[in-house]
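Asks: got a sequence here, can you model it:
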Amino acid sequence: MMRFIRLGCFAAIVCALCFACGSAPPSTNLSYGDKAKQAYEVAMNDFRDENCVDAEAQFRNIRRKYSYSRYAALAELRLADCMFTEDKFVEAIQAYRDFLRARPSHTEVPYAEFKIAEAYYKQIPEGWILSPPAYQRDQGPTRRALEQLRHYMMNYSNHDRLQDAKTMQRKALALLAQHELSVAEFYLSRDQPRAAIGRLQTVLNAYQGSGLEARAMFALAKTLLSLKEKSKAKETFTVLLQRYPKTEYAEQARSYLIELH
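Replies: Numbers count the residues shown, from 1 in each chain. A predicted model of the protein is given here:
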């Protein structure tokens, strides 16, 4: 009798240890779909713990072993997420794009589209004390992020990442506009006003929402004035006053209009 009691206690301890260690229950009698689900949940535990080293191997195994289950597609997405988490943004973008090509009607398509935009956004240059300001550096990633963000917001306006996308778009617009303004100022310092006008018009036409429109419009009006294009300058100052009456540039525009009258 004591022997059975000891065996029972031993079994209970083993079960308790398995439970404490988070081990999965035996899967011998599970269906194909349930095995896939169980394997995915185990992999997700590592993923949530930011242990992508172990999670990646498990997701790859799920994709191969349970390719006919819904978890194969989710495993593909999580593999891309692991690359993203590890700052492998180029590889992550490719993985998300592969997912979109292979599964164009999947419910997670909006998520993959957003993550592509976010991966580009993560590559936007940031300024720090020993480097040039961010707006003076290569803006290729910023333009690609903005393009993808616009695509995402236009096609998935009800998705739960929309507000995040809007926030990222504002920062991208501001950075691109600031870049164009700095180039315009460079041309003006080299006495090339026509080239500067092109850059200022880009700020106004392509980067609406940047928060720098009034500054660009004021610089545009002054540049037109320097070229003796009085009527165009007056028109630009007037539009500035109408659209941005509460900015610091509005009062200066009003003064110029009084002089030009």
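Asks: hey, let's count contacts and neighbours off CA atoms from now on
Replies: Fine.
Asks: off-centre distance for stretch 111-123?
Replies: Computed by CA atoms, centre = their mean, to the nearest Å, the chain-centroid distance of stretch 111-123 equals 4 Å.
Asks: from here on, call the first residue 152.
Replies: Happy to do that; since the first residue is 152 now, the last one works out to stretch 262-274.
Asks: export it to CSV, keeping only CA atoms.
Replies: Extracted in CSV, the C-alpha atoms of stretch 262-274 (Å, rounded to 0.1, in the frame of the first residue of the first chain):
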residue,chain,number,x,y,z
TYR,A,262,-1.0,44.0,-40.2
ALA,A,263,1.7,43.0,-42.7
GLU,A,264,1.2,46.2,-44.7
PHE,A,265,1.5,48.2,-41.5
LYS,A,266,4.7,46.4,-40.4
ILE,A,267,6.3,47.1,-43.8
ALA,A,268,5.7,50.8,-43.2
GLU,A,269,6.9,50.6,-39.6
ALA,A,270,10.1,48.8,-40.8
TYR,A,271,10.8,51.6,-43.2
TYR,A,272,10.0,54.1,-40.5
LYS,A,273,12.5,52.5,-38.1
GLN,A,274,15.2,53.2,-40.7
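Asks: which SS state does residue 328 fall under?
Replies: Judged by DSSP: H, G, I helix; E, B strand; the rest coil, the three-state class of residue 328 is helix.
Asks: distance of the residue nearest to it when sequence neighbours are not counted from residue 341?
Replies: The shortest distance from residue 328 to any non-neighbouring residue, by CA to CA, 6 or more residues apart in numbering, is to residue 354 (5.2 Å). Computed as CA to CA, to the nearest Å, the residue 354 to residue 341 distance reads 20 Å.
Asks: what is the burial count for residue 223?
Replies: Using other CA atoms under 10 Å, residue 223 has 22 neighbouring residues.
Asks: close enough to count as contact, it and residue 212?
Replies: No - at 9.1 Å, residue 223 does not count as touching residue 212 under the criterion of CA atoms under 8 Å.
Asks: name the helices or strands packed onto the helix or strand containing residue 334?
Replies: Residue 334 belongs to helix 313-340 when assigned by DSSP states H and E. In terms of contacts (3 or more CA pairs under 8 Å, 6 or more residues apart in numbering; DSSP states H and E), helix 313-340 is packed against helix 260-273, helix 291-306, helix 344-357.
Asks: and with 6 Å instead?
Replies: Helix 313-340 is packed against helix 344-357, with contacts defined by 3 or more CA pairs under 6 Å, 6 or more residues apart in numbering; DSSP states H and E.
Asks: immediately after the helix it packs on, which helix or strand?
Replies: Next along the chain after helix 344-357, taking DSSP H and E as the criterion, comes helix 364-377.
Asks: buried stuff in that following helix?
Replies: Using 16 or more other CA atoms under 10 Å as the test for burial, helix 364-377 gives 364-376.
Asks: which residues touch stretch 330-342?
Replies: Stretch 330-342 has contacts (CA atoms under 6 Å, 6 or more residues apart in numbering) with 286, 347, 350.
Asks: between residue 354 and residue 341, who's got more neighbours?
Replies: With neighbours defined as other CA under 10 Å, residue 354 and residue 341 compare such that residue 354 has more, 26 against 10.
Asks: tell me the secondary structure at residue 308.
Replies: coil.
Asks: residue 248 versus residue 205, what's the distance?
Replies: Distance from residue 205 to residue 248, by CA to CA: 23 Å.
Asks: those two - which one has more neighbours?
Replies: Applying other CA under 10 Å to residue 205 and residue 248 shows that residue 248 carries more neighbours, namely 19 against 12.
Asks: which strand or helix spans the more buried one?
Replies: Here residue 248 sits within helix 240-253, counting by DSSP H and E.
Asks: and residue 184, by the same measure?
Replies: Going by DSSP H and E, residue 184 is in helix 183-199.
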